[in-house]
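> A structural model of the following input is requested.
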Amino acid sequence: AGTRASQVRPQRALFVGREQELGRLRRALTRARAGGHPGVMCVRGPSGIGKTELASALVREQRSDGVLVLRGRCFERESAPYKVFDAVVDELVGYLRELPVQERTALLPPGLQFVTRLFPMVEQLLPGERRVESVSRDPEDAGPMRTLAFEVLRDLLRAVARVRRVLVCIDDVHWGDRDSGDLLRVLLAGDDPPELFLLALCRREEAAQSSFVQTLMSLPTPSGGAGVETLELGHLSRRDGERLAALVLEGAGRPDPQLARRVAAESAGVPLFVRELGHHVATRSAPPAGSPRGAVSLPELLDVRVSEQSEDARALLRVLAVAGRPLPQGLVVEAAGCGPGGYARLHGLGVVQLVRSRGPAPEDLAETYHDRIRACVVEGMEEGELARLHGQLAGLLERREGVDPEWLLEHCLGAGLDDRAILQDERAA
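Numbering: from 1, shown residues only. Prediction:
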């Protein structure tokens with residue numbers, strides 16, 4: 001079977017613009033290295049704004065300059081402790097295993113076997129006789145053993161940072177866990193921390209709810225350092241949006257400067273939309289019936305994306321679009337009438353960047369990935385279906401405590417439930 005054109009993605013990594021942001025990251029790295037202290041930069045921005053692409057551009061530069069880069073990423077539905085650092089430690093182990101035995105042994109601190117309790121991959125660094133050393137499993141020893149493991153890992157990173165410049169880059173840290181936050185404090189807030197640079201990426205809209213991000217932002221300022229710096233990433237300029245669109249169209253085999261300008265304008269400076277929309281218009285066989293030749297429409301792209309989903313997935317997306325605010329996932333599944341399989345459908349919508357959520361549990365919130373997605377879905381709904389979903393949401397929200405009366409009022413009005421709307425209006429007054 002052939003692959004739908006709308007499901008094909010460009011294979012080449014595309015990055016344009018962001019010269020000022022890259023410059024700021026380079027200067028922060030230089031300051032930290034010159035001062036002999038760790039540096040921390042948190043890059044924040046909304047979904048699809050290009051945080052990962054910016055970090056990848058810096059990583060490419062640093063690697064070409066001989067820097068040891070340790071990359072990691074947090075995942076929403078991963079429940080393992082220390083998940084912020086799991087992939088980072090794996091890459092550190094991989095680097096150390098490639099060293100000659102004598103060089104590697106000189107970097108390994110005493111007590112490394114305690115770290116294997118937290119990160120089993122570290123056992124690959126231990127000589128055979130040290131692998132079998134007993135580590136207490138007594139629950140009363142768990143706290144002291146954990147602290148010791150944190151300190152030994154800090155010693156290992158400090159030793160490596162003395163022979164190599166180290167950049168640690170971790171994506172989606174808003175999904176980080178409390179255990180990772182505890183480890184972070186010991187690594188960077190204790191005495192004599194390793195002279196590395198930590199680049200942490202997070203969604204702006206998730207930062208306030210993330211315990212790890214809160215820990216990150218509260219790290220004390222090292223002596224002579226700048227403390228935790230924040231870089232807010234915004235939309236691309238018109239010029240850079242057009243440059244990115246031109247690269248996307250060229251990569252898809254349809255270079256067209258005028259089309260690139262239309263793609264950039266319709267995408268409003270969001271790199272995710274530039275890439276998706278550019279590839280869509282370059283690979284479609286023809287515009288929809290009634291559309292002028294060369295028309296560029298984000299709603300058209302979203303219609304195609306939504307049509308590729310199952311009926312249950314589309315029902316979930318409609319509920320979130322009509323809600324207009326983040327909803328507990330359990331309520332979304334109930335309102336859509338999807339049954340237990342609705343949670344997997346929600347996850348699938350997240351994979352294709354139509355929905356985002358704040359965890360896997362029924363009470364964790366979900367919402368449309370971007371407000372333009374929400375608006376396009378609502379605009380494409382029939383009035384009767386729209387009113388029905390407003391009524392469905394009004395009924396479900398009325399049964400929950402602490403719901404904003406103005407939100408309930410909005411859904412009662414949308415459903416034409418005038419009597420209930422009057423009641424909610426009085427509560428909101």
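> could you list every residue that touches residue 155?
By Cβ atoms under 8 Å, 6 or more residues apart in numbering, the contact set of residue 155 is residue 109. All C-beta atoms are positioned from the backbone trio N, CA, C, and that covers glycine.
> Shouldn't it be within a strand?
No: Residue 155 is assigned helix when assessed by DSSP: H, G, I helix; E, B strand; the rest coil, not a strand.
> where exactly do the helices run in the stretch 101-250 of the chain?
101-107, 112-115, 128-131, 142-163, 178-189, 211-217, 238-251 (DSSP state H, counting those that start in this stretch).
> wait, the stretch 251-400 of the chain
Going by DSSP H, counting those that start in this stretch, the stretch 251-400 of the chain shows helices at 257-267, 271-283, 298-307, 311-323, 329-336, 342-351, 371-379, 383-398.
> Which stretch among these is buried most, on average?
Highest mean neighbour count of those: helix 271-283, a mean of 24 (counted as mean count of other Cβ atoms under 10 Å).
> Tell me the helices and strands packed up against that one.
Helix 271-283 is packed against helix 238-251, helix 257-267, helix 298-307, with contacts defined by 3 or more Cβ pairs under 8 Å, 6 or more residues apart in numbering; DSSP states H and E.
> The last one vs helix 342-351, what angle?
What it means is helix 298-307. Helix 298-307 runs at 140 degrees relative to helix 342-351, counting by axes from the mean of the first three to the mean of the last three Cα atoms, to 10 degrees.
> The second one too?
Angle between the axes of helix 257-267 and helix 342-351 is 140 degrees (criterion: the same axes, to 10 degrees).
> would JSON lines of the helices of the stretch 101-250 of the chain with mean pLDDT and distance to residue 87 be doable?
Listed next are the helices of the stretch 101-250 of the chain as JSON lines, based on pLDDT from 0 to 100; distance: least, Cβ to Cβ, whole Å:
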{"stretch": "helix 101-107", "mean pLDDT": "94", "distance to residue 87": "20"}
{"stretch": "helix 112-115", "mean pLDDT": "93", "distance to residue 87": "15"}
{"stretch": "helix 128-131", "mean pLDDT": "54", "distance to residue 87": "23"}
{"stretch": "helix 142-163", "mean pLDDT": "92", "distance to residue 87": "14"}
{"stretch": "helix 178-189", "mean pLDDT": "92", "distance to residue 87": "12"}
{"stretch": "helix 211-217", "mean pLDDT": "92", "distance to residue 87": "15"}
{"stretch": "helix 238-251", "mean pLDDT": "92", "distance to residue 87": "28"}
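> I'd like to know which of these is closest to residue 393.
helix 211-217 (29.6 Å; Cβ to Cβ).
> Find me whatever residue is spatially closest to residue 32, sequence neighbours aside.
Distances taken as Cβ to Cβ, 6 or more residues apart in numbering place residue 39 nearest to residue 32, at 2.9 Å, with adjacent residues excluded.
> Wait, that neighbour touches residue 198, no?
Yes: shown here, residue 39 and residue 198 form a contact pair, counting by Cβ atoms under 8 Å, at 7.1 Å.
> hmm, back to that, nearest to residue 16, of the helices of the stretch 251-400 of the chain?
Here helix 271-283 is closest among those (Cβ to Cβ), at 8.7 Å.
> Please list the outside residues in contact with that closest one.
By Cβ under 8 Å, 6+ apart, the list of residues contacting helix 271-283 reads 5-6, 8-10, 14, 47-50, 53, 236, 241, 244-245, 248-249, 252-254, 259-260, 263-264, 266-267, 296, 298, 300-301, 304, 353, 370, 372.
> Using PDB, write out every CA atom in that helix.
The C-alpha coordinates for helix 271-283 follow below in PDB (Å, rounded to 0.1, in the frame of the first residue of the first chain):
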ATOM      1  CA  PRO A 271       7.900  26.600  13.000                       C
ATOM      2  CA  LEU A 272       5.800  23.400  13.500                       C
ATOM      3  CA  PHE A 273       3.100  24.800  11.300                       C
ATOM      4  CA  VAL A 274       5.600  26.100   8.700                       C
ATOM      5  CA  ARG A 275       7.100  22.600   8.300                       C
ATOM      6  CA  GLU A 276       3.800  20.800   8.400                       C
ATOM      7  CA  LEU A 277       1.900  23.200   6.100                       C
ATOM      8  CA  GLY A 278       4.800  23.600   3.700                       C
ATOM      9  CA  HIS A 279       5.100  19.800   3.200                       C
ATOM     10  CA  HIS A 280       1.400  19.400   2.900                       C
ATOM     11  CA  VAL A 281       1.000  22.000   0.100                       C
ATOM     12  CA  ALA A 282       4.100  20.700  -1.700                       C
ATOM     13  CA  THR A 283       2.900  17.100  -1.800                       C
END
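> Run the chain-centre distance for that helix.
Helix 271-283 sits 20 Å away from the centroid of its parent chain (Cα atoms, centre = their mean, to the nearest Å).
> Quick check: mean pLDDT of stretch 412-429?
Mean per-residue pLDDT for stretch 412-429: 67.
> any low-confidence regions in this protein?
For the chain, applying pLDDT under 70 flags the ranges 1-13, 77, 128-142, 222-226, 285-295, 418-429.
> Report the central residue of it.
residue 172 (3.6 Å; Cα atoms, centre = their mean).
> So that one versus residue 74, what's the distance?
5 Å (Cβ to Cβ, to the nearest Å).
> for residue 265, same thing?
34 Å.
> got JSON lines for the helices and strands packed on helix 271-283, with distance to residue 27 too?
Formatted as JSON lines, the helices and strands packed on helix 271-283 follow (distance: least, Cβ to Cβ, whole Å):
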{"stretch": "helix 238-251", "distance to residue 27": "21"}
{"stretch": "helix 257-267", "distance to residue 27": "29"}
{"stretch": "helix 298-307", "distance to residue 27": "36"}
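> for the helices of the stretch 251-400 of the chain, which one sits closest to residue 154?
Closest among these, using Cβ to Cβ: helix 342-351, at 34.4 Å.
> which helices and strands does the closest one pack with?
helix 311-323, helix 329-336, strand 355-357.
> pull the CA atoms of it into PDB?
These are the backbone C-alpha positions of helix 342-351, laid out as PDB (Å, rounded to 0.1, in the frame of the first residue of the first chain):
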ATOM      1  CA  GLY A 342     -10.100   6.500  25.000                       C
ATOM      2  CA  TYR A 343      -6.900   7.000  26.900                       C
ATOM      3  CA  ALA A 344      -4.900   5.200  24.300                       C
ATOM      4  CA  ARG A 345      -6.700   7.400  21.600                       C
ATOM      5  CA  LEU A 346      -5.700  10.500  23.500                       C
ATOM      6  CA  HIS A 347      -2.100   9.400  23.600                       C
ATOM      7  CA  GLY A 348      -2.300   8.800  19.900                       C
ATOM      8  CA  LEU A 349      -3.500  12.300  19.300                       C
ATOM      9  CA  GLY A 350      -0.500  13.500  21.300                       C
ATOM     10  CA  VAL A 351       1.900  11.600  19.100                       C
END
